[in-house]
Structures are given as C-alpha cells and as structure tokens.
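Q: need coordinates for the below:
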Amino acid sequence: MDALIAEITGQRVQTTRPLHGGDLSEVALVTLADGGQLVAKRGAMVEREGFMLTAMGDLGAPVPRVLGVGGDVLLLEYLTESRATPEGWRALGEGLRVLHGAEMFGYGWDEDYAFGSVAIPNGWMEDWATFWAERRLLPLSGALPAPLARRVEAVATRLPDLIPAQPRPALLHGDLWTGNVLFGGGRAHLIDPACYHGDAEVDLAMLELFGHPHEAFWETYGRPGGDWATRRAVYQLWPALVHVSLFGAGYHAMLEARLNALKF
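A: Numbering: from 1, shown residues only. Below is the predicted model of the structure:
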C-alpha cells in the first residue's frame, strides 16, 4: 500500500495509524514525508465507493475529496472529527437536502454493490415499490427462518399500499447511520456511501435506525409528512435484513420490531 500511496501522491509514507472503519474495511490515517495527512481505505469495493463519493460531491454534497484510487485502496482527504453539535446536525440537514434535491431519474444504480458478503442488486426499475421488494427485501428473506421469511414476504406483496409507487428519485447515500457522518467544527461530511437513486426517505429512516437526529437536523431538512411511521418501518426492514445476514440471529429482534410495527 505504501508504494501505491507514494505513486499517487509523489510522497513517501512516513507513518500509518489505524482508524475506526467499521467491520467491512481497513482504514488508516497516513502521514506523508512532507507532513501532509490523508486517509487510506482498503477493501473490495473502494473503486465503486470512490465513484459514489465523487458523484455526491459533484452535486454539492459535503464529502471528503477523493485523492486517488488504485487496486483495492482508496485515498481520501483527512478530516478531523469531533462530537456532534447542534451546528453539526444543522449542517447535515443542509448537506442532505442538497444531495436529495438534485433531479434524478429512475430507481437503481449503474452497478451492483455489496456489504461484505451481502450482495446489493441495483438494477434499474421504473416502479419504486417493485424495486424495494425485488432489489432489497426479497433477496435477503430466503436465508431467514421460515416464519420470519413469510412475514417479510407478506410485507413485500403489500408494498404498493405502504410506500409510494413513484416518489421523486433522489441520489441516496444509501447507508446513512450516524457512524457514516463525520462531524467536526460545526460541519458534517458524508462518508462510506452505498449510493443509488430512490425515495429520499430511505436515508431518513436509516438515520433513525440506531438513534435520533437532533432537532436542529429536522429544522433544517424538514420533517416527513403523512404516515411516516409506516414508511420508516418499511425502509428500516432492509438494513435489519442486512444486519441479520452479516451478523446473525442476534439481529432478529431488530427485524421483528419493524414487522411488529407494520402489524405483519
């Protein structure tokens, strides 16, 4: 990796230090010979991730700059991190509104993606409820115990009654839990995306899966209307299925809670 970094930057690597990077990739802070710093991320999907970050940045969304990519290594701008403040949450609301505000088309993405061993099919579709059933819920339901699988499949058949068929397509971050937001200095940058085009509320549902955004976020972004509780539960089913697939039966309770909320 040091040789690749030197080739891309023209600088010798002085030191590397591991950074927290989740369960699916290796992330390091690299200090170069001239004292400059960058983040090196190693993983099977980093080239696609670099393309996603660039696509988000081109729309004006706050993301770290992509400095280079080669093989299984992605080099990113290093951004200092601090605790989330109301100003940071407000910045996240502004940045996400920019990302979601761009005019997109269709539902899907030009390439499939993956979280480790969990494939993420992204083939384009014109109907959003069909996309959510066939590209998100059903591909992961088959590995569940039969009673749980039947409940997920029942939701899939009822999606036209639960979510809109033709919401305005937005560019989604695709995995927007708070661990994929880098807060610092009153700012908020989006990292570790899994982009595709879809209902903007998917990102909002993911943001509420493991916590609750500060009120400053909602003041800036705006709150979803209508039966948000139902749509949120539908959109949280997929990350719950991903967690079951990656980490096992310990996440059955997360999945069951969403199914119970939907009364399935």
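
Q: hey, let's count contacts and neighbours off CA atoms from now on
A: Fine.

Q: so what are the domain limits for this protein?
A: According to the domain assignment given by automatic domain parsing, the chain is divided into the following structural domains: 2-77, 86-261.

Q: pull the longest helix from this protein.
A: Ranked by residue count, the top helix of the chain under DSSP state H comes out as helix 228-247.

Q: between the following helix or strand past that one and helix 228-247, how many degrees?
A: For helix 228-247, the following helix or strand on the C-terminal side (DSSP states H and E) is helix 252-261. With axes from the mean of the first three to the mean of the last three C-alpha atoms, to 10 degrees applied, the angle from helix 252-261 to helix 228-247 works out at 160 degrees.

Q: who does helix 252-261 touch, helix- and strand-wise?
A: With contacts taken as 3 or more C-alpha pairs under 8 Å, 6 or more residues apart in numbering; DSSP states H and E, helix 252-261 sits against helix 146-162, helix 228-247.

Q: what's the closest of those to residue 64?
A: Shortest distance between residue 64 and those, using C-alpha to C-alpha, is found for helix 228-247: 24.2 Å.

Q: what does that closest one contact?
A: 116-118, 136-137, 140-141, 143, 162-163, 201-202, 204-206, 209, 250-252, 254-255, 258-259, 261-262 (C-alpha atoms under 8 Å, 6 or more residues apart in numbering).

Q: mind running it again at 6 Å?
A: By C-alpha atoms under 6 Å, 6 or more residues apart in numbering, the residues outside helix 228-247 that reach it are 137, 202, 205, 251, 255, 258.

Q: now swap in stretch 125-136 and tell me
A: Contacts with stretch 125-136, where a contact means C-alpha under 6 Å, 6+ apart, come from 106-107, 121, 156, 159-160, 165-166.
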